[in-house]
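In: the sequence isn't on hand, but the structure is:
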């Protein structure tokens, strides 16, 4: 988990402090915020300490943050916890959501206290219920994966991710959308999934832009190639390999755009460079085919080999066959056998007969070399 930073709050702090109650307290807290903004941390610490000592509940949290980060004072997790606890308790049942989120972090990470995921979760849930988007996102993550004695529960993940999404947390929009898309939390709802993906996409979140583009390209009730082109282009420009590949397919098939094979190749190559297996494999297929006038077996071999090294079973088999036949590369029966060993581990039904035929023709020495090569990451 990324360590919280006191100073990400600089820009919002001054605005928040203008809402404080009494004029004197307001002035002192604004002074403290100004000191933070101008990096006069010793003076800020002195102001927050004075205000906290005088019972200003807003100062409790900020003083805790200064102790937590060791800013303007020596880092002291125990004192940070003390001030966060005071801030969390100050408003009765409601408390300070930011302080509760920090107490969740410290319980989770074991900072100034023994690690206690169960207590951390309770703080996160309380903060989330008070509208803290980050706490809601973390709560959803904990329930998604499970932690310590906390069992995975995607139904709860969906509840908290939706809550965090409403509060503006963008990754929560994506995660909740995915659960609705797949039905993993018990409810499949493509309309809700699309709406959440779109909400995140409009906030310039590249993974969601890819998803909106895929819905518009492939999902019958959402199909709109102009929309697909818009969002896949946006995501592809942000180096999202799935978007690059899908956009390439649109140029290949002329979906919402004129057919453009060079553009398709360019997009596939970008996705392949980002280690996206379908793009690398498709480039291998493309250069192995005479259909488009780009037949080039050395390039086909290069792309199949790349996909094979990424663990794609079909490309492992294709690479093996090219080695066996000396097509696009020098004939090498040992490497052919090595790649067939790998492919057979993933798909015995398709590859076992070829593997047996190839290995039967090898000498005992070459067979041992092939087996050793099959485990070599640099094959």
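Out: The structure has been received and is ready for your questions. Computed from a predicted structure; not experimentally measured.
In: residue 222 contacts residue 216, correct?
Out: Yes. Counting by CB atoms under 8 Å, residue 216 is a contact partner of residue 222 at 5.6 Å. All C-beta atoms are positioned from the backbone trio N, CA, C, and that covers glycine.
In: which ones are touching the nearest residue in space to residue 35 that is not next to it in sequence?
Out: The shortest distance from residue 35 to any non-neighbouring residue, by CB to CB, 6 or more residues apart in numbering, is to residue 44 (3.6 Å). Residues in contact with residue 44, defined by CB atoms under 8 Å, 6 or more residues apart in numbering, are 32, 33, 35, 36, 66, 71, 72.
In: list phi and psi for the fifth one.
Out: Note on residue 66: backbone dihedrals following degrees, to the nearest 10 are phi -70, psi -40.
In: that one contacts residue 46, doesn't it?
Out: No. Assessed by CB under 8 Å, residue 66 is found out of contact with residue 46, at 10.3 Å.
In: more crowded one of these two?
Out: A direct count of neighbours by other CB atoms under 10 Å for residue 66 and residue 46 places residue 66 higher, at 24 against 16.
In: state the distance from residue 289 to residue 325.
Out: Counting by CB to CB, to the nearest Å, the gap from residue 289 to residue 325 is 16 Å.
In: equivalent analysis for residue 362, please.
Out: 16 Å.
In: neighbour count winner among these two?
Out: residue 362 (16 against 12).
In: spit out the contact partners of that one.
Out: 333, 334, 337, 370.
In: got the confidence number for it?
Out: What the model reports for residue 362 is a pLDDT of 95.
In: same question for residue 58.
Out: 86.
In: with residue 36 instead?
Out: For residue 36, pLDDT reads 86.
In: same check on residue 222?
Out: Looking at residue 222, the pLDDT reads 89.
In: the residue lying closest to it once chain neighbours are set aside - how many residues pack around it?
Out: With sequence-adjacent residues excluded and distances taken as CB to CB, 6+ apart, residue 222 is closest to residue 215, at 4.5 Å. Applying other CB under 10 Å, we find 23 residues neighbouring residue 215.
In: how close does residue 215 sit to residue 166?
Out: Taking CB to CB, one finds residue 215 at 21 Å from residue 166.
In: isn't residue 336 right up against residue 321?
Out: Yes. Counting by CB under 8 Å, residue 321 is a contact partner of residue 336 at 7.5 Å.
In: so those two - more neighbours on which side?
Out: residue 336 (25 against 17).
In: where in this structure is pLDDT low?
Out: 1-28, 91-94 (pLDDT under 70).
In: that one: strands as residue ranges?
Out: For the chain, applying DSSP state E gives no strands.
In: which residue comes closest to residue 32 once chain neighbours are left out?
Out: Closest to residue 32 by CB to CB, 6+ apart is residue 47, at 3.6 Å.
In: residue 87 versus that neighbour, what's the distance?
Out: For residue 47, the distance to residue 87 - CB to CB - is 16 Å.
In: okay, the two: which has more neighbours?
Out: The residue with more neighbours, out of residue 47 and residue 87, is residue 87; 27 against 24, by other CB under 10 Å.
In: are there residues contacting both of residue 66 and residue 46? Which ones?
Out: When contacts are counted by CB under 8 Å, 6+ apart, residue 66 and residue 46 are jointly contacted by residue 72.
In: ok, back up a step: which one's more surrounded, residue 222 and residue 216?
Out: When residue 222 is set against residue 216 and neighbours are counted by other CB under 10 Å, the residue ahead is residue 216, at 22 against 18.
In: would you confirm that that one contacts residue 223?
Out: Yes. If you go by CB under 8 Å, residue 216 and residue 223 touch, sitting 6.5 Å apart.
In: who's in contact with residue 187?
Out: Neighbouring residues of residue 187 by CB under 8 Å, 6+ apart: 158, 180.
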